[in-house]
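> pasting the sequence and the predicted model now:
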Amino acid sequence: MNDLGGHLLMETPRRSRVSRFRPAVFLLVPLAAVLFQVYVPLFVEYFGYLELPLLVTVYFALMGRKPVAGVFLGAIIGLVQDSLSHQPLGMFGIVKTLVGYFAASMSQRFDVDNPAIRLILGFFFFFFHQFFYWVLGRALLGQPIPFDPLQNFALGMLNSAVSLPVFYALDKLKDRGELR
């Protein structure tokens, strides 16, 4: 295997680094992200392009490295976001559940502490989130939800760039002694 591939893939999948957080962090960070997503764009419209609840879901799922925990985390964050927004109840819950599961599954295979991997995953999961929201809106609700791939690509790049400082800030909230 080449040098780059060896650093991006985890060396031993069975002995992965599971990050630990205080319960208050699991409660307050997602709640703050959802409140930011719902209320801040009312005052500054451009912040509506950021999908902070998605980034928080991706981060905690990547750091937890447990698909079942990622499912529950994504479902809870998505349902809280649904309940506070004007979207149909369950849409964000379903999509963020999928994101939580796949992010936790990918973290078992890749070294998610690598900034390049985090950047790529931030973009991938934003595009994944938008695409599945569009599919579910059309399939379940029969609503003509617009999906512009070029716009979503640009917004994915924006959210991916924002994910690095957000993930770095959330790294500071980890408990030490996290090797498992």
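Arrived safely, thanks for sending. Numbers count the residues shown, from 1 in each chain.
> pLDDT below threshold where in the chain?
1-17, 176-180 (pLDDT under 70).
> if you set the cut-off to 80 instead, what comes out?
Scanning the chain with the threshold set as pLDDT under 80 gives 1-19, 175-180.
> nearest the geometric middle of it, what residue?
In the chain, the centroid-proximal residue (C-alpha atoms, centre = their mean) is residue 58; its distance is 2.4 Å.
> state the distance from residue 47 to residue 165.
15 Å (C-beta to C-beta, to the nearest Å). Glycine gets a C-beta too; all of them are placed from N, C-alpha and C.
> more neighbours: which of the two?
Set side by side, residue 47 and residue 165 show more neighbours around residue 47, with 14 against 9, by other C-beta atoms under 10 Å.
> ok, the more buried one - contacts?
36, 40-41 (C-beta atoms under 8 Å, 6 or more residues apart in numbering).
> what about the helices in this structure?
3-8, 23-43, 52-64, 67-84, 91-107, 115-136, 149-171 (DSSP state H).
> give the buried residues for stretch 164-180.
Neighbour-count burial for stretch 164-180 flags 166-167, 170 (criterion: 16 or more other C-beta atoms under 10 Å).
> please disregard the earlier target; I meant stretch 95-111.
For stretch 95-111, burial by neighbour count (16+ other C-beta under 10 Å) applies to 95-104, 106-107, 110-111.
> quick one: end-to-end distance for stretch 43-51.
16 Å (C-alpha to C-alpha, to the nearest Å).
> please shift the residue numbers so they start at 25 in all later answers.
Sounds good: first residue 25 from here, last item stretch 67-75.
> how about that stretch: buried residues?
74-75.
> now it, how far from the chain's geometric center?
17 Å (C-alpha atoms, centre = their mean, to the nearest Å).
> one more: stretch 55-68?
16 Å.
> again with stretch 151-163
The answer for stretch 151-163 is 15 Å, by C-alpha atoms, centre = their mean.
> before we move on, what about stretch 90-109?
10 Å.
> what residues sit buried inside it?
Residues of stretch 90-109 classed as buried: 90-91, 93-95, 97-106, 108 (neighbour count, 16+ other C-beta under 10 Å).
> output that stretch as PDB, restricted to C-alpha atoms.
Only the C-alpha atoms of stretch 90-109 are listed here, as PDB (Å, rounded to 0.1, in the frame of the first residue of the first chain):
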ATOM      1  CA  LYS A  90     -20.700   3.000  16.300                       C
ATOM      2  CA  PRO A  91     -23.300   2.700  13.600                       C
ATOM      3  CA  VAL A  92     -26.200   2.100  16.000                       C
ATOM      4  CA  ALA A  93     -25.300   5.100  18.100                       C
ATOM      5  CA  GLY A  94     -25.000   7.100  14.900                       C
ATOM      6  CA  VAL A  95     -28.500   6.100  13.900                       C
ATOM      7  CA  PHE A  96     -30.000   7.300  17.200                       C
ATOM      8  CA  LEU A  97     -27.900  10.500  17.200                       C
ATOM      9  CA  GLY A  98     -29.000  11.400  13.700                       C
ATOM     10  CA  ALA A  99     -32.600  10.600  14.400                       C
ATOM     11  CA  ILE A 100     -32.700  12.700  17.500                       C
ATOM     12  CA  ILE A 101     -31.000  15.700  16.000                       C
ATOM     13  CA  GLY A 102     -33.100  15.400  12.900                       C
ATOM     14  CA  LEU A 103     -36.400  15.200  14.800                       C
ATOM     15  CA  VAL A 104     -35.500  18.100  17.000                       C
ATOM     16  CA  GLN A 105     -34.600  20.100  13.900                       C
ATOM     17  CA  ASP A 106     -38.000  19.000  12.300                       C
ATOM     18  CA  SER A 107     -39.900  20.000  15.400                       C
ATOM     19  CA  LEU A 108     -38.400  23.600  15.500                       C
ATOM     20  CA  SER A 109     -38.500  24.200  11.700                       C
END
